[in-house]
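Chemist: Fold the following and give me the result.
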Amino acid sequence: MNNEENNLNNGSVQNTNANPEILESTPVDSSQPVSNTPQPSAPSNDAEVLTTEDTSSEQPRTDNSARVETAGEGHIHLEAYQVHEKKEKKPIVRTAEEEKGYSRRRVAMILFFVFLIAFVVFLPDIRNLYIQYKTHVEEEEIDSGKLICTLDRSTDELDITYTETFSFKNYLLKSFNYKVETKGDANKDVEKFKELYNKCDNLSKSVGMNNLSGVYIECNYVEGDNTVVETQSFDYNTVDKTGVKAAYTEAGFEYPEFELDENINEIEKSVLSGGFSCQKVS
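Modeler: You can find the predicted model right below:
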């Protein structure tokens, strides 16, 4: 007892541990700083599990998670594209001016197709008209000569050909010849032929009895023929228009209203409008 007290008093403590190695001090590297922060005690098994789980949440994402995130972004882009498509497919609303312009273009397109179809259908007639026009333009260069116009007509019984010949000089009318040729059946149309001939003969007699100058009437028909020919000639340098016109009215004919020195081109336009075909010859 006294010995122990003495030892305590001397400041010496005896090691009573059976394993003296635990109490041996570990040498400390003087080059490393010594931390005074107390070191945490070793965690238990439960703590280790929790620490592992927490740590795993902070680890970098794996490839699978990146795919999921990328897929999520693609889904967002798809939804945005669909919204854009819906906006693009909104019904078009035009202003009044735009609608008017659209209607005009549509009408113009319809008219164009109608014109195209009509052009194809009437192409032969258009070609003939062009030929006639071209011939007409070429013939206008003839300043002196004859303008010959013809017209064919048919009835149930007769075929009639009208021929009008205008003589002109420097584009001015000088004389006119009118010929009507009627054809039919020589047996069935005898009475009709006689009627036409008698009418022409009456006009010739009326002109002759009145001693009208500048007019010549000729009627040709022989019974048994199938044709009656009537010819009227006018010399406008000597014709008595007043007397000739009265004679025509008396015989039941219509006097041709042409004048001396009338422009041949104007006469041609008038005759063409009546359905005749005309040609100028020098």
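Chemist: wait, F193 sits on D185?
Modeler: No. Between F193 and D185 there is no contact under CB atoms under 8 Å: 9.6 Å. C-beta coordinates here come from the backbone N, C-alpha and C atoms, glycine included.
Chemist: Neighbour count for these two, which is higher?
Modeler: Just comparing F193 and D185: by other CB atoms under 10 Å the higher neighbour count belongs to F193, 23 against 12.
Chemist: what comes into contact with the helix or strand that contains I148?
Modeler: Here I148 sits within strand 145-154, counting by DSSP states H and E. Contacts of strand 145-154 with the rest of the structure, by CB atoms under 8 Å, 6 or more residues apart in numbering, involve 159-168, 264, 267-268, 271-272, 274-282.
Chemist: Show me what the next helix-or-strand element following that strand pairs with in its sheet, parallel or antiparallel.
Modeler: The helix or strand immediately downstream of strand 145-154 is strand 159-169, counting by DSSP H and E. With DSSP bridges as the test, strand 159-169 is paired with strand 145-154 (antiparallel), strand 172-183 (antiparallel).
Chemist: tell me the most buried of those?
Modeler: Highest mean neighbour count among those (mean count of other CB atoms under 10 Å): strand 172-183, with a mean of 18.
Chemist: so what are the domain limits for the chain?
Modeler: Listed by automatic domain parsing, the domain ranges of the chain are 96-139, 143-281.
Chemist: Quote the end-to-end distance of the last one.
Modeler: Yep, that's domain 143-281 we're talking about. Domain 143-281 stretches 10 Å from its first residue to its last (CA to CA, to the nearest Å).
Chemist: contacts for stretch 185-205?
Modeler: Contacts of stretch 185-205 (CB under 8 Å, 6+ apart): 157-158, 182, 184, 217-219, 221, 223-226, 228, 230, 232, 247-248, 251-253.
Chemist: hmm, which of those are the buried ones?
Modeler: Listed as buried from these are 158, 182, 184, 217, 219, 221, 226, 228, 230, 232, 247-248, 251, 253; burial here means 16 or more other CB atoms under 10 Å.
Chemist: what pairs with the closest residue to E164 other than its chain neighbours across the strands?
Modeler: In this structure, E164 finds its nearest non-sequential neighbour in C149, 4.6 Å apart by CB to CB, 6 or more residues apart in numbering. On the basis of DSSP bridges, C149 is bridged to E164, C278.
Chemist: where does the stretch 51-200 of the chain have low pLDDT?
Modeler: Residues of the stretch 51-200 of the chain that meet the criterion pLDDT under 70 lie in 51-94, 96-100, 132-140.
Chemist: switch the cut-off to 90
Modeler: Scanning the stretch 51-200 of the chain for pLDDT under 90 picks out 51-142, 156-157.
Chemist: before we move on, back to that, out of the buried ones among the contacts of stretch 185-205, name the ones that lie in helices.
Modeler: With DSSP state H as the criterion, helices contain A247, Y248, A251 from among these.
Chemist: circling back: filter the contacts of strand 145-154 down to the buried ones.
Modeler: 160-162, 164-168, 264, 267-268, 271, 276, 278, 280.
Chemist: between those residues, which is nearest S144?
Modeler: F168 (6.6 Å; CB to CB).
Chemist: wait, doesn't the closest one sit right on E266?
Modeler: No. With contact defined as CB under 8 Å, F168 does not reach E266; the gap is 11.1 Å.
Chemist: show me where this protein has helices.
Modeler: Under DSSP H, the chain gives helices at 2-9, 45-57, 63-88, 96-121, 123-139, 190-209, 241-251, 264-273.
Chemist: Give the rounded mean pLDDT of the last one.
Modeler: Taken as a whole, helix 264-273 carries a mean pLDDT of 94.
Chemist: what is the orientation angle of it with strand 145-154?
Modeler: 10 degrees (axes from the mean of the first three to the mean of the last three CA atoms, to 10 degrees).
Chemist: Point out the other helices and strands that helix 264-273 packs with.
Modeler: For helix 264-273, the packing partners by 3 or more CB pairs under 8 Å, 6 or more residues apart in numbering; DSSP states H and E come out as strand 145-154, strand 159-169, strand 172-183, strand 277-281.
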